[in-house]
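>>> Build me a model from this:
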Amino acid sequence: MNDEFVRDVFDSAHAAHARRVRLYEELVRTRKLKSHLLLTYRGRNCRCALLHILDTTEGVLVGHPPGKVSTSRAMKVDGTPQNRTKRAAFLLRDSPGPERFGARCDHVSEIVTAEQIRADLAANRRGAEIQLP
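Numbers count the residues shown, from 1 in each chain. The predicted structure is shown next:
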């Protein structure tokens, strides 16, 4: 495998990820998130939004809300604000392996599988909230 091929694959994957993140951010920015919302995963006790499951023209999008960062964790060691990585991914229809999505905030750290999301989509009405421990 040559370096140019690897670089092209990486660049393509990076561009696809950036497109998914832009789509999610645009839905949030234009306040159209609710009209596309299928499910929201929340922490049971803290009520933080952990994952948004959205219906888009390109497929089911799993978006990671920005989340609240506690003041003690909001700053890096050098005193600059800590930024959360923006993430979004499409839920693949017939994935060969287990798709897993991290659902995290300062209070909760859970893994939600694609199988669990599909089951929750089938069992719940549009816009439902799913509580995670």
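>>> This protein: helices as residue ranges?
With DSSP state H as the criterion, the chain has helices at 3-29, 33-36, 114-123.
>>> Take these and lay them out in TSV including mean pLDDT.
What follows is the helices of the chain, written out as TSV (pLDDT from 0 to 100):
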stretch	mean pLDDT
helix 3-29	82
helix 33-36	94
helix 114-123	93
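>>> now for those helices, which one comes closest to Asn45?
Closest to Asn45 of the helices of the chain is helix 114-123 (C-beta to C-beta; 19.4 Å). Just so you know, the C-beta spots here come from the backbone N, C-alpha and C atoms, and that holds for glycine as well.
>>> helices or strands up against that closest one?
For helix 114-123, the elements it packs on are strand 37-43, strand 49-56, strand 59-63, strand 100-104, judged by 3 or more C-beta pairs under 8 Å, 6 or more residues apart in numbering; DSSP states H and E.
>>> List the contacts of Glu110.
Contact analysis of Glu110 by C-beta atoms under 8 Å, 6 or more residues apart in numbering lists 50, 102-104, 132-133.
>>> buried ones in stretch 13-30?
20-21, 23-24, 27 (16 or more other C-beta atoms under 10 Å).
>>> want to throw these into a markdown table with distance to Pro65?
A markdown table is the format used below for the buried residues of stretch 13-30 (distance: C-beta to C-beta, whole Å):
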| residue | distance to Pro65 |
| --- | --- |
| Arg20 | 14 |
| Val21 | 12 |
| Leu23 | 14 |
| Tyr24 | 9 |
| Leu27 | 11 |
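>>> ok, so of the residues you listed, who is nearest Tyr41?
Tyr24 (14.8 Å).
>>> Same list, the helices and strands packed on helix 114-123, but as a markdown table with mean neighbour count please.
A markdown table is the format used below for the helices and strands packed on helix 114-123 (neighbours: other C-beta atoms under 10 Å):
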| stretch | mean neighbour count |
| --- | --- |
| strand 37-43 | 20 |
| strand 49-56 | 21 |
| strand 59-63 | 20 |
| strand 100-104 | 17 |
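>>> Out of those strands, which is closest to Asp8?
Comparing these under C-beta to C-beta, the one sitting nearest is strand 59-63, at 23.8 Å.
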